[in-house]
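# Build the 3D model from these lines:
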Amino acid sequence: MDDPSAPDPHPPERSGSSVPFDRAAILLGLFIIAVVLLLGQIHTPGPATSGAGAAPTTTVPGTPRTTVPAATTTTTTVPTKPKANVPVLVANASGVAGAAATITNELQVAGWTVQAPINATANVATSSVYYVAGQKAAAAAVAATLHLPASAVLPYTTAAPVSTIGTAEVLVVVAPDLASSSTTTTAP
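Numbers count the residues shown, from 1 in each chain. The predicted structure follows:
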């Protein structure tokens with residue numbers, strides 16, 4: 001009978017001696033695959049940007065990739081209507097009889113679509129050209145037709161000396177400065 005404490009002259013082959021090497025090889029392979037995939041994520045070309053406004057991006061391994069675009073300024077050019085398609089209302093705030101009718105006639109001769117002139121609810125010292133949203137360019141052109149300065153062009157508010165502008169998109173408020181430069185013939 002054999003002594004159980006005696007060393008075995010032929011130890012059985014251990015298949016477990018290669019297990020640590022196999023695990024290390026698998027882990028090394030997974031690490032290489034992860035690095036390749038991560039580098040593929042980092043170096044994937046993004047949308048092309050140009051100019052000084054392009055924002056630099058930083059990618060930190062192990063974090064989701066986020067690109068924040070640089071702030072941009074967008075200018076929207078709204079096409080202006082032809083002057084024949086912009087309804088213009090003239091209000092007499094000058095105290096001079098017929099001033100609004102005279103200015104209405106001048107604008108009509110210049111190609112503007114004009115509405116019947118009205119009297120303002122109060123007299124004012126200087127003429128103004130008011131415009132509704134989107135009609136600033138048309139109002140500036142009306143002011144230029146009447147030889148008024150650019151400072152006379154204002155956005156329309158309820159502070160304008162008229163009760164309503166109806167369907168008009170541009171309102172000309174005639175003051176003594178504009179009334180005296182035109183010939184008055186009829187009222188209002």
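
# most residues in a single helix of this structure, which one?
helix 19-42 (DSSP state H).

# Could you list the buried residues of it?
In terms of neighbour count (16 or more other CB atoms under 10 Å), helix 19-42 has no buried residues at all. Using the backbone N, CA and C atoms, a C-beta is placed for each residue, glycine as well.

# Next secondary structure element downstream of that helix?
Moving toward the C-terminus from helix 19-42, the next helix or strand (DSSP states H and E) is strand 87-92.

# and that following strand, C-alpha only, in PDB?
Listed in PDB are the C-alpha atoms of strand 87-92, where the atom choice follows Å, rounded to 0.1, in the frame of the first residue of the first chain:
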ATOM      1  CA  PRO A  87     -51.400 100.100 -48.600                       C
ATOM      2  CA  VAL A  88     -50.500 103.600 -47.300                       C
ATOM      3  CA  LEU A  89     -52.700 105.800 -45.200                       C
ATOM      4  CA  VAL A  90     -52.100 109.500 -44.800                       C
ATOM      5  CA  ALA A  91     -53.400 111.300 -41.700                       C
ATOM      6  CA  ASN A  92     -53.500 115.100 -41.400                       C
END
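
# That one packs against which elements?
helix 99-109, strand 113-114, strand 118-119, strand 170-174 (3 or more CB pairs under 8 Å, 6 or more residues apart in numbering; DSSP states H and E).

# That strand: partners in the sheet, and parallel or antiparallel?
strand 113-114 (parallel), strand 118-119 (parallel), strand 170-174 (parallel) (DSSP bridges).

# As CSV, those strands with mean neighbour count, mean pLDDT and distance to residue 140 would be great.
Shown next, in CSV, are these (neighbours: other CB atoms under 10 Å; pLDDT from 0 to 100; distance: least, CB to CB, whole Å):
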stretch, mean neighbour count, mean pLDDT, distance to residue 140
strand 113-114, 20, 94, 17
strand 118-119, 20, 95, 22
strand 170-174, 29, 96, 10
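
# among those, which is nearest residue 35?
Closest approach to residue 35 among those (CB to CB): strand 170-174, 67.5 Å.

# Dump the C-alpha coordinates for the longest helix of the chain into CSV.
Provided in CSV are the C-alpha atoms of helix 19-42 (Å, rounded to 0.1, in the frame of the first residue of the first chain):
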residue,chain,number,x,y,z
VAL,A,19,-5.4,29.2,-17.2
PRO,A,20,-3.7,32.4,-16.0
PHE,A,21,-2.0,32.8,-19.4
ASP,A,22,-5.3,32.2,-21.3
ARG,A,23,-7.1,34.7,-19.2
ALA,A,24,-4.4,37.3,-19.7
ALA,A,25,-4.4,36.7,-23.5
ILE,A,26,-8.2,37.1,-23.5
LEU,A,27,-8.1,40.3,-21.4
LEU,A,28,-5.3,41.7,-23.6
GLY,A,29,-7.4,41.0,-26.7
LEU,A,30,-10.5,42.7,-25.3
PHE,A,31,-8.4,45.7,-24.2
ILE,A,32,-7.0,46.0,-27.7
ILE,A,33,-10.5,45.8,-29.3
ALA,A,34,-11.8,48.4,-26.8
VAL,A,35,-8.9,50.8,-27.6
VAL,A,36,-9.5,50.4,-31.3
LEU,A,37,-13.2,51.1,-31.0
LEU,A,38,-12.6,54.0,-28.7
LEU,A,39,-10.0,55.5,-31.1
GLY,A,40,-12.4,55.0,-33.9
GLN,A,41,-15.0,57.1,-31.9
ILE,A,42,-12.5,59.8,-31.1
